[in-house]
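In: Just the structure for this:
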Amino acid sequence: MTNTEQKRLTIPIFSLFFFFVCTFYPLIYSYLPILGKIKAVLLAGIIMLIGYIITSNDYVNNNSYKNPLFLSLTGFVFVVILSVLVSFDRGKTLDLIIANTKYFIVIAIMVKIIDNTKRLDLLLGVIAACGFGMAFNSVLNFVIGQTSSHSGYTSSRAIAIGIFGDPNDLALLLNTTLPFLLYFWIKAQKKTLPLIGILTVIMAIILTFSRGGFLGLCAVGLGFSIFYANKQKKYLVSLLIMILLFWLLAPPEYSERISSIFGWKVDRQTGETGTRMDAWRLVAIETITKYPVLGVGAGSSIYIAGFSKKNDWHLIHNAFVQVFSELGLVGLFFYLRLFLLPYKQFRAAVRLNYHDYEKHILRFTMIIISFLSYGVTVIFLPQAYSPILFTLVGLAIVQSQLISLNNKRTMQR
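Out: Next up, the predicted model:
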């Protein structure tokens, strides 16, 4: 084992953590405006890349790029790039190509340098801390009255503008970080701090008044029950009590907001529901009949509904329909694999039996629950290219590789 492997932090790893803090905790720019002026995210990425090139031989995740999940992520990014050839709006597509390429490079480095459990736990801790920080600020803003209007409701917000300025996008971040707080809650000997984090995040999700956020929170509870708490019922009961308590203490308007998820009827004459489902169906039909292979280009799905009889110039609030319409069947194939392959690898890991088994499976379980929550939440969000998804994919690759590496070491003994 090299000296670099023994360290938890190296320059590339520290740069990776800093990149995630600047991405998933954008409030840091309010406290340190200079980070925006020096373009901290770009700087962190450059330092990470240079540091990795110099120290690449010091890491042991040699087969990360052969992982089927990484190959699927590569295929997805390639289709995004290829879609510029058929794009209705090449300017938007080029912007997304640049953003996706940046995320991809970061994840490509991440799956190499996070090569042991200590580093992976530290990374999960950074992501969980970002979620808690955004949740805490969101709850605090609601208490002191710094709120925003969300579909006619007064909702909490962590930040006014930016990637998580919208309550729905904030709920997406909080839902996907909640399983990692659950991981540290289960793992920790002193459970008070993780429990405070869990309570804060659940409260913040509810105060966003996001319907997708509510469904994502339900997905966390359901996934926690199916994948873990069937053997550890005390944790499931505790989580359900927390959620129920916050439901009872939530503002009266919250139950009204959530009830609107199911409060729709089909018009017998038009066959429409008066919900986003109409737009989803319209875009899906238009895509399959006119642009089935490569879609209309990344970021251009707005034009399908806009040019149709609906004349609805809005983003498609469903990431899966968004991918299908913008990248066609080819892009949707790779996108769905990003959700299905982690579960397949998780099931394969469960069938193994070696030392340190429970710790790996617990961590992998929480990554799968985070995927589930993300997939449910983005049914209502236009977040096909979110950095959160890229991050989850990277975490699943790292965890899968660590299990394979440990299993090989065990067999060689």
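
In: in which helix or strand would I find residue 154?
Out: Element membership for residue 154, per DSSP states H and E: strand 153-155.

In: which other residues reach that strand?
Out: 142, 147, 148, 149, 167, 207, 208, 209, 210, 251, 253, 257 (Cβ atoms under 8 Å, 6 or more residues apart in numbering). Quick note: C-beta positions are derived from backbone N, CA and C, even for glycine.

In: List only buried entries from those residues.
Out: When those are checked for burial by 16 or more other Cβ atoms under 10 Å, the buried set is 142, 147, 148, 167, 207, 208, 209, 210, 257.

In: I'd like these laid out as a markdown table, including pLDDT, secondary structure and distance to residue 236.
Out: Formatted as a markdown table, the entries for the buried ones among the contacts of strand 153-155 read as follows, by pLDDT from 0 to 100; DSSP: H, G, I helix; E, B strand; the rest coil; distance: Cβ to Cβ, whole Å:
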| residue | pLDDT | secondary structure | distance to residue 236 |
| --- | --- | --- | --- |
| 142 | 86 | helix | 28 |
| 147 | 74 | coil | 32 |
| 148 | 72 | strand | 34 |
| 167 | 89 | helix | 28 |
| 207 | 89 | helix | 24 |
| 208 | 89 | coil | 24 |
| 209 | 87 | coil | 26 |
| 210 | 87 | coil | 24 |
| 257 | 75 | helix | 26 |
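
In: TSV please, covering those residues and showing distance to residue 155.
Out: Formatted as TSV, the buried ones among the contacts of strand 153-155 follow (distance: Cβ to Cβ, whole Å):
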residue	distance to residue 155
142	8
147	6
148	6
167	5
207	6
208	5
209	4
210	8
257	9
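
In: Let me know the closest of these to residue 346.
Out: Distance from residue 346 was checked for each of these by Cβ to Cβ. The minimum falls on residue 210, at 27.3 Å.

In: Contacts only, for that closest one.
Out: Shown here is residue 210, whose contacts under the criterion Cβ under 8 Å, 6+ apart are 150, 155, 167, 168, 170, 171, 380.

In: Which member of these is positioned nearest residue 357?
Out: For residue 357, the closest of these turns out to be residue 171, at 33.7 Å, with distances computed as Cβ to Cβ.

In: residues touching that closest one, list them.
Out: In this structure, residue 171 makes contact with 205, 208, 210, 212, 213, 216, 377, judged by Cβ under 8 Å, 6+ apart.

In: same question, residue 100
Out: If you count contacts by Cβ under 8 Å, 6+ apart, then residue 100 has 77, 80, 81, 298, 385, 390 around it.

In: rewinding a little: restricted to helices, list the contacts of residue 210.
Out: 167, 168, 170, 171 (DSSP state H).

In: Of the contacts of residue 210, which is the nearest to residue 227?
Out: Using Cβ to Cβ, residue 171 comes nearest to residue 227 of these, at 21.5 Å.

In: How about the closest one: what's its closest non-neighbour residue?
Out: Using Cβ to Cβ, 6 or more residues apart in numbering and skipping residues adjacent in sequence, the residue nearest residue 171 is residue 213, 2.7 Å away.

In: Confirm that the one you found sits in a helix.
Out: Yes: read with DSSP: H, G, I helix; E, B strand; the rest coil, residue 213 is one of the residues of a helix.
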